[in-house]
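Asks: test case, fold it:
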Amino acid sequence: MKPWFGLHLPNYTFPDTPPTQIFDRIVEQVHAAEECGFSLVTVMDHLYQIGGVGPEEAPMLEAYSTLAALARETSRVRLGTLVTSVTYRNPALLVKEVTTLDVISGGRAIFGVGAGWNESEHIGYGYRFPPVKERMDRLEELLAVARGMFNEARTTFEGSFTRVDEALNSPPPVQPGGPPVMVGGGGEQRTLRIAARYADMTHWFATGGLEPLVRKTQILAGYCAELGRNPAEIERTIGTPVVVAADEAAAARYLDRLPPERRSSLFVGTPAQCADALAPYLEAGFTGFTFGNTMLRTPADIRVAGELLELIGG
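Replies: You can find the predicted model right below:
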């Protein structure tokens, strides 16, 4: 499979940009990504901004409203969340929302989903924040419902936390079998086991380098063997471990701005240097690399990253 790049949109803060123009700035970024050959655009499914990106009070757009609008602004990129928490929506309604995105976009939706983690926004919006075991159980039940509603005229399911009774999903997804399921998170006890059963794609962080990702790959393959599934059916994607700069001087300036704890987990360099840095990940079988718009802040930044895509043959 050819490698591809995705543009992830966690940051809706732009200097001197009023709220009414935030989406216009996002559209500029997405248009640049699509023109440069990026294959996927994702948004966070958060209600508050998260630590590491900005202050909690920073602007945050609701995920599926944003994706629906971007579906009409684009023609080629796939669209989805990275990733949706199981705790914010009724499972069948969430499947309906993802299906609607697939219809609106002409078959370009992906279904990114995970167990959720941000307790603060749960408290603020009045959602219960279950213990991690329950969230994992809910994730597994949600994906069982999704597989049914993506493929059947009506779906009935009753689990410990989820119940649907002859749920109708009309119109059905455009993509046969429904949008690809991306399970986010690399938890080795439950998340990877759930991914082995239901995922078409996984998404992991590369903050620890390649070695932990190889270990997760081996664990995922073990769970697939227990199920009789070929692990090659699951595409492995990661948050990119590189930051692309136009030249070495720009790379040095960017590196100087990084906090010390981030410098050991990111490679900053020119497109050619980043291509070399990504080579071991490609050799290990990773095919999807998402860049955050925390790093790629302007269309010009995105075009420089597009040079990397050309170099590695995406």
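
Asks: whatever helix or strand Lys216 lives in - contacts with which helices or strands?
Replies: Taking DSSP states H and E as the definition, Lys216 sits inside helix 210-227. If you count contacts as 3 or more C-beta pairs under 8 Å, 6 or more residues apart in numbering; DSSP states H and E, helix 210-227 packs onto helix 191-198, strand 201-204, strand 235-239, helix 271-283. All C-beta atoms are positioned from the backbone trio N, CA, C, and that covers glycine.

Asks: now, of the ones you listed, which is deepest in the fold?
Replies: Of all these, strand 201-204 carries the top mean neighbour count, a mean of 24, counting by mean count of other C-beta atoms under 10 Å.

Asks: span of stretch 257-268 from start to end?
Replies: Using C-alpha to C-alpha, to the nearest Å, the end-to-end distance of stretch 257-268 comes to 11 Å.

Asks: and that stretch, what's its mean pLDDT?
Replies: What stretch 257-268 shows for mean pLDDT is 75.

Asks: and it, which residues are buried?
Replies: Buried residues in stretch 257-268, counted by 16 or more other C-beta atoms under 10 Å: Leu266, Phe267, Val268.

Asks: one step back: got the angle for the helix holding Lys216 vs strand 235-239?
Replies: In terms of direction (axes from the mean of the first three to the mean of the last three C-alpha atoms, to 10 degrees), helix 210-227 departs from strand 235-239 by 150 degrees.

Asks: quick check: buried residues in helix 210-227?
Replies: Quick answer for helix 210-227 (16+ other C-beta under 10 Å): Leu213, Lys216, Thr217, Ile219, Leu220, Ala221, Tyr223, Cys224.

Asks: dump these into JSON lines; add distance to Asp276 as well.
Replies: Shown next, in JSON lines, are the buried residues of helix 210-227 (distance: C-beta to C-beta, whole Å):
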{"residue": "Leu213", "distance to Asp276": "18"}
{"residue": "Lys216", "distance to Asp276": "23"}
{"residue": "Thr217", "distance to Asp276": "22"}
{"residue": "Ile219", "distance to Asp276": "28"}
{"residue": "Leu220", "distance to Asp276": "27"}
{"residue": "Ala221", "distance to Asp276": "27"}
{"residue": "Tyr223", "distance to Asp276": "33"}
{"residue": "Cys224", "distance to Asp276": "31"}
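
Asks: got CSV for those residues, with pLDDT and distance to Asp301 too?
Replies: Below are the buried residues of helix 210-227 laid out as CSV (pLDDT from 0 to 100; distance: C-beta to C-beta, whole Å):
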residue, pLDDT, distance to Asp301
Leu213, 95, 25
Lys216, 95, 30
Thr217, 96, 30
Ile219, 96, 35
Leu220, 97, 33
Ala221, 97, 36
Tyr223, 97, 38
Cys224, 97, 37
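
Asks: which of those sits closest to Arg163?
Replies: Comparing the buried residues of helix 210-227 against Arg163 with C-beta to C-beta places Tyr223 closest, at 26.9 Å.

Asks: for the spatially closest residue to that closest one that is not a sequence neighbour, which residues are in contact?
Replies: Nearest non-adjacent residue to Tyr223, counting by C-beta to C-beta, 6 or more residues apart in numbering: Ala196, 3.5 Å away. By C-beta atoms under 8 Å, 6 or more residues apart in numbering, the residues touching Ala196 are Leu220, Tyr223, Cys224, Glu226, Leu227, Arg229, Pro231, Ile234.

Asks: try 10 Å this time
Replies: Ala196 makes contact with 183, 202, 219-227, 229, 231, 233-234, according to C-beta atoms under 10 Å, 6 or more residues apart in numbering.

Asks: which residues in the stretch 51-200 of the chain form helices?
Replies: Using DSSP state H, counting those that start in this stretch, the helices assigned to the stretch 51-200 of the chain run over residues 63-73, 91-104, 119-125, 132-151, 191-198.

Asks: good, we can wrap up now.
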